[in-house]
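Enquirer: sequence and predicted model, in that order:
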Amino acid sequence: MDVNLEVVTIPVSDVDRALEFYRDRLGWRLDADIKVGDDVRVVQLTPTGDGHTSIAFGKGLPVAAAPGSMRHLELVTSDVVATREELAQRGVDVTEVYHGPGSPFWPETRQPGPDPERKSYNSYASFQDPDGNGWTLQEVTTRMPGREARS
């Protein structure tokens with residue numbers, strides 16, 4: 001079977017506020033903003049980069065999760081320090097870069113700064129959207145065997 005994760009729906013309380021955050025602050029591409037009457041609206045955006053997974057949110061959608069309940073939605077970058085700096089310049093409240101085993105999940109294990117050897121998969125920064133949905137940046141410069149991009 002050959003499948004891809006194409007869209008992840010995240011719960012938000014205010015569609016316009018979320019749209020401003022993802023499109024205007026993060027610079028993500030707006031793929032769709034569909035309104036069906038006054039009760040239903042679906043917005044889809046795609047992050048910058050080579051990946052093809054998008055997020056969707058809206059009004060009147062059958063999403064069972066509470067706004068802000070998503071945790072550790074992961075974004076990969078080849079330079080976590082530069083990406084963190086750009087986010088901060090765009091007005092995003094982003095943590096300092098950190099490393100340490102389990103640190104994206106358990107803040108008490110975080111050690112300041114990027115991984116001293118800058119090994120792939122070991123350096124992070126985190127931020128939240130206006131509702132509190134949690135995003136984690138992970139630095140990946142060399143993929144592990146079997147995780148390379150397919151052409």
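Expert: Structure received. From a predicted model like this one, the values you see are computed outputs, not experimental measurements.
Enquirer: can you give me the mean pLDDT across stretch 19-34?
Expert: Mean pLDDT, stretch 19-34: 97.
Enquirer: tell me the buried residues in that stretch?
Expert: 19, 21, 22, 26, 28 (16 or more other Cβ atoms under 10 Å). All C-beta spots, glycine's among them, are computed from the backbone N, C-alpha and C.
Enquirer: can you give me the end-to-end span of it?
Expert: 13 Å (Cα to Cα, to the nearest Å).
Enquirer: what sits closest to residue 60 if chain neighbours are left out?
Expert: Nearest non-adjacent residue to residue 60, counting by Cβ to Cβ, 6 or more residues apart in numbering: residue 40, 3.8 Å away.
Enquirer: what count of nearby residues applies to residue 18?
Expert: Using other Cβ atoms under 10 Å, residue 18 has 23 other residues around it.
Enquirer: Three-state assignment for it, please.
Expert: helix (DSSP: H, G, I helix; E, B strand; the rest coil).
Enquirer: so how far is residue 50 from the closest residue to it other than its chain neighbours?
Expert: Nearest non-adjacent residue to residue 18, counting by Cβ to Cβ, 6+ apart: residue 12, 4.1 Å away. From residue 12 over to residue 50 the distance is 26 Å, taken as Cβ to Cβ, to the nearest Å.
Enquirer: tell me which of these two has more neighbours.
Expert: Legend: neighbour count by other Cβ under 10 Å for residue 12 and residue 50, higher for residue 12 (27 against 7).
Enquirer: just name the closest of the buried residues of stretch 19-34 to residue 97, please.
Expert: residue 26 (17.8 Å; Cβ to Cβ).
Enquirer: ok, which stretches of the protein are helices?
Expert: 15-19, 80-89 (DSSP state H).
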